[in-house]
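>>> Could you look at this predicted model? Sequence included:
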Amino acid sequence: QVQLVESGGGLVQPGGSLRLSCAASGRIFSNYVIGWFRQPPGKEREFVLGISSSAGSTYATDSVKGRFTISRDIAKNTVYLQMNSLKPEDTAVYYCAARFSYGSIRWSEAKWYNYWGQGTQVTVSS
């Protein structure tokens, strides 16, 4: 079992920045692929960014490329989502998800991930 807890959400003005954290406990976190998803109000959950177990590769959806980055601190069992140049359309509940790294990574498929956090709200508004 892996337990995930997101933090760092809040209210930010357009153009601002936030850093979300996904803290993990349980199994060896470094063996897991981590994905960040978000669910805007009234919309489906969508993939944002992911990072491989070795942190050797990342994958981002087009809408956040150049603005969001993902990193992981193995020693702290934590993955970070750095969000810069935030836009109102980035408003959503943000979730981190995990799956043991084995075989091909299906980054953007929510059903591929086994474990989910409870989510943290990000609101971008003036």
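Okay, I see it. Numbers count the residues shown, from 1 in each chain.
>>> quick one: buried residues of the helix or strand of the chain with the lowest mean pLDDT?
One helix or strand of the chain scores below all others by mean pLDDT, DSSP states H and E: strand 58-60, with a mean of 91. Under the neighbour-count criterion of 16 or more other CB atoms under 10 Å, strand 58-60 has Tyr59, Ala60 buried. Every C-beta, even on glycine, is put in place using the N, C-alpha and C of the backbone.
>>> Listing partners with orientation, what would you give for that strand?
strand 46-51 (antiparallel) (DSSP bridges).
>>> any idea of the mean pLDDT for the partner strand?
For strand 46-51, the mean per-residue pLDDT is 96.
>>> and Ser85, that one's in a helix?
No: if the criterion is DSSP: H, G, I helix; E, B strand; the rest coil, then Ser85 is coil and not within a helix.
>>> if you skip the residues just before and after it, what's nearest to it?
Using CB to CB, 6 or more residues apart in numbering and skipping the chain neighbours, the partner closest in space to Ser85 is Arg67 (4.6 Å).
>>> thinking again about what came up before, which SSE is immediately downstream of the least confident helix or strand of the chain?
strand 68-73 (DSSP states H and E).
>>> who touches the most centrally placed residue in the chain in this structure?
By CA atoms, centre = their mean, the chain has its centre lying nearest to Trp36, at 2.2 Å. Each residue near Trp36 by CB atoms under 8 Å, 6 or more residues apart in numbering is listed here: 20, 22, 47-50, 70, 79, 81, 94-97.
>>> switch the cut-off to 7 Å
With contact taken as CB atoms under 7 Å, 6 or more residues apart in numbering, Trp36 is in contact with Val48, Leu49, Ile70, Leu81, Tyr94, Cys96.
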